[in-house]
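1. need a 3D model of the following:
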Amino acid sequence: MKIKIKVSFHKRLSRQIEYIAQDSPVRAKKFKNDILSQIKKIYPMPYKHRKSIYFEDDDIRDLIFKGYTIVYRINKEENVIEVFGFVKYQKKPVD
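-> A predicted model of the protein is given here:
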């Protein structure tokens, strides 16, 4: 199974990294590396994380990381994990 990062996730993550970098560029870089490392760990057990609270679909999951929710879809037909949502204290994971 391959991991695919969608544009919606990338945009939200970039905004958060820019915000953190205003205070500490070093912390922003570490945050980005840590979050990408967590995403890579999804592959061996994609159903390890909780069923998403945002969607009524067992194939959409929420990975919680430092208070943020990373929302991903397990697409069995295409054999890919699609990372598309990045949320903190919001009702919707994507715009």
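
2. what about residue 11, helix or strand, and which?
-> helix 7-23 (DSSP states H and E).

3. and residue 47, that one's in a helix?
-> No. Assigned with DSSP: H, G, I helix; E, B strand; the rest coil, residue 47 falls outside any helix and is coil.

4. per-residue confidence at it?
-> Per-residue pLDDT puts residue 47 at 96.

5. give me every residue that touches it.
-> Residue 47 makes contacts with 61, 74, as judged by C-beta atoms under 8 Å, 6 or more residues apart in numbering. Placement of C-beta: from N, CA and C, glycine included.

6. nearest to the spatial middle of this protein, which residue is it?
-> residue 70 (2.8 Å; C-alpha atoms, centre = their mean).

7. need the nearest residue in space to it, chain neighbours excluded.
-> Leaving aside its chain neighbours, residue 70 sits nearest to residue 63 (4.3 Å; criterion: C-beta to C-beta, 6 or more residues apart in numbering).
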